[in-house]
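**Q** Got a sequence here, can you model it:
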Amino acid sequence: MTEKFDPVAHNRIAWDREVESGNEWTRPVGSDVIARARAGDWSVVLIGYEPVPRDWFPAELAGAAVLCLASGGGQQGPVLAAAGADVTVLDNSPRQLGRDEEVAAREGLAIRTVLGDMRDLGAFPDATFDVVFNPVSNVFCPELAPVWRESFRALRPGGLLLAGFMNPDLYIFDEAALERDELVVRHSLPFSSLDLPEAERQRYYGDGPVEFSHSLTEQIGGQLAAGFTLTHLVEAPHHLDPTARYMPGYIATRAVKPG
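**A** Next up, the predicted model:
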């Protein structure tokens, strides 16, 4: 890759392609899910298929200002809007935002969509949101400190950051061996798919999004450094990976902006 390579621009195009190919995280929820959410029966995911505990959210979701951060795809945003939240979705992919707009139009939901980089929330004034909801997506972001700083700034005092992310240890394993359902340690951390030789990167990642492993210091330590207070942490196995037999592939955290 050249020094001028822009992973954010690349990933924008790559996620637009994921929408075209029907990636499971680009498939909008159905009308039945929205109807249940309107009746108070709702759940959303931060990691894999694990529903977020309801007590991670504000006791009263109706009227809460929620930013679904890098969370396009017509899934979490519409469900939270149907449950009564005032939802804004920011995503790097126009096609992913289009999925949220599609569900909003179909179901008569009010959802604001904003195209942007998750490191820059300058479109929003300070203390705009009660909740920042960030499912597994920072794996596609080159650096995390700006994400946590901006989330902290955009939240009101007492606001919540709900974040899901990859266990960085998943990235130590050789890709070819994983395809054989074997775990062979190969890569040092931090890892990026950009580190692979071009032919190998094309074989295992193709034109898909560039990924970055990010250490737990960046993930959890970064939230603390931004000013958050961590209240909960859970782990879950990766739902589509042979590592699931041995280790958690996902981590989710709940953190509060003091005040």
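
**Q** quick one: the helices in the protein?
**A** Using DSSP state H, the helices of the chain run over 7-21, 31-38, 76-82, 94-107, 145-154, 175-179, 198-204, 216, 222-226.

**Q** measure Ala110 to Phe133 for me?
**A** Distance, Ala110 to Phe133, using C-beta to C-beta, to the nearest Å: 17 Å. The C-beta positions use only the backbone N, C-alpha and C, and glycine is treated the same way.

**Q** Counting neighbours, go ahead and name the busier of those two.
**A** Phe133 (27 against 8; other C-beta atoms under 10 Å).

**Q** Deepest in the core, which of the helices of the chain is it.
**A** helix 76-82 (a mean of 27; mean count of other C-beta atoms under 10 Å).

**Q** now for it, which elements pack on it?
**A** Under the contact criterion of 3 or more C-beta pairs under 8 Å, 6 or more residues apart in numbering; DSSP states H and E, helix 76-82 touches helix 31-38, strand 65-69, strand 86-91, helix 94-107, strand 111-115.

**Q** one more time with 10 Å, if that's ok
**A** Under the contact criterion of 3 or more C-beta pairs under 10 Å, 6 or more residues apart in numbering; DSSP states H and E, helix 76-82 touches helix 31-38, strand 45-47, strand 65-69, strand 86-91, helix 94-107, strand 111-115, strand 129-134.

**Q** What I need now is those written out in JSON lines, including mean pLDDT and distance to Phe57 for each item.
**A** Formatted as JSON lines, the helices and strands packed on helix 76-82 follow (pLDDT from 0 to 100; distance: least, C-beta to C-beta, whole Å):
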{"stretch": "helix 31-38", "mean pLDDT": "98", "distance to Phe57": "13"}
{"stretch": "strand 45-47", "mean pLDDT": "97", "distance to Phe57": "11"}
{"stretch": "strand 65-69", "mean pLDDT": "99", "distance to Phe57": "9"}
{"stretch": "strand 86-91", "mean pLDDT": "98", "distance to Phe57": "13"}
{"stretch": "helix 94-107", "mean pLDDT": "98", "distance to Phe57": "19"}
{"stretch": "strand 111-115", "mean pLDDT": "98", "distance to Phe57": "17"}
{"stretch": "strand 129-134", "mean pLDDT": "98", "distance to Phe57": "7"}
